[in-house]
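A.B. asks: What follows is a predicted structure for the sequence shown.
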Amino acid sequence: QVRLVESGGGLVQPGGSLRLSCAASGTISSINYMAWYRQAPGKQREQVAMLDSSGSGDYADSVKGRFTISGDKSLHTVSLQMNSLKPEDTAVYYCYGLLIEMTKPGRLQGYFGQGTQVTVSS
């Protein structure tokens, strides 16, 4: 079994910062990449940032220059530093991992965490 657990959400004023963290655990053989998604009320889930195989971050236009993704695939961790937060960043943020389980060699599967609420409001 694989679990992704997020932490670090909360309430912050506009212009503030938050750091989200995620750790994947379980019978993981290897991780292809990890990413952060978010889903605001009444909207579809969207990818916010992805940490690619080279360790570089790819970002949605709406967060470029404000969010920074980092992590370590060998440690199965990923973080999201969010600066200059805006009310429109309010959403449930989900960690995502595309990985291969030890019990299913060669088969890539995607997993989401349970999500953490981020609320930006004065």
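C.D. replies: Sure thing, it's come through. Because the structure is predicted, anything quoted here is derived from the model rather than measured.
A.B. asks: Where does the closest residue to residue 22 other than its chain neighbours fall, secondary structure wise?
C.D. replies: Once flanking residues are discounted, residue 22 sits nearest to residue 95: 3.4 Å by CB to CB, 6 or more residues apart in numbering. (C-beta placed from N, C-alpha, C; glycine too.) Counting by DSSP states H and E, the element that carries residue 95 is strand 91-101.
A.B. asks: beta partners of the residue lying closest to residue 32 once chain neighbours are set aside?
C.D. replies: Spatially, and ignoring its direct neighbours in sequence, residue 32 is nearest to residue 98 (4.3 Å; CB to CB, 6+ apart). Listed by DSSP bridges, the beta-bridge partners for residue 98 are residue 33, residue 110.
A.B. asks: List the contacts of the spatially most central residue of the chain.
C.D. replies: Centroid check for the chain by CA atoms, centre = their mean gives residue 36 as the closest residue, at 2.4 Å. Contacts here follow CB atoms under 8 Å, 6 or more residues apart in numbering; on that basis residue 36 touches 20, 22, 47-50, 69, 78, 80, 93-96.
A.B. asks: Just say helix, strand or coil for it.
C.D. replies: Three-state call for residue 36 (DSSP: H, G, I helix; E, B strand; the rest coil): strand.
A.B. asks: So for it, what's the pLDDT?
C.D. replies: Note for residue 36: predicted pLDDT of 98.
A.B. asks: Quickly note the distance from it to residue 106.
C.D. replies: Distance, residue 36 to residue 106, by CB to CB, to the nearest Å: 26 Å.
A.B. asks: can you pull the contacts of residue 39?
C.D. replies: Counted by CB under 8 Å, 6+ apart, residue 39 has contacts 45, 46, 91, 92, 94, 115.
A.B. asks: Repeat the analysis, applying 6 Å as the threshold.
C.D. replies: 45, 91, 92 (CB atoms under 6 Å, 6 or more residues apart in numbering).
A.B. asks: swap in residue 82?
C.D. replies: With CB under 6 Å, 6+ apart, residue 82 has these contacts: 18, 67.
A.B. asks: Identify the bridge partners of it.
C.D. replies: Assigned bridge partners for residue 82, using DSSP bridges, are residue 18, residue 67.
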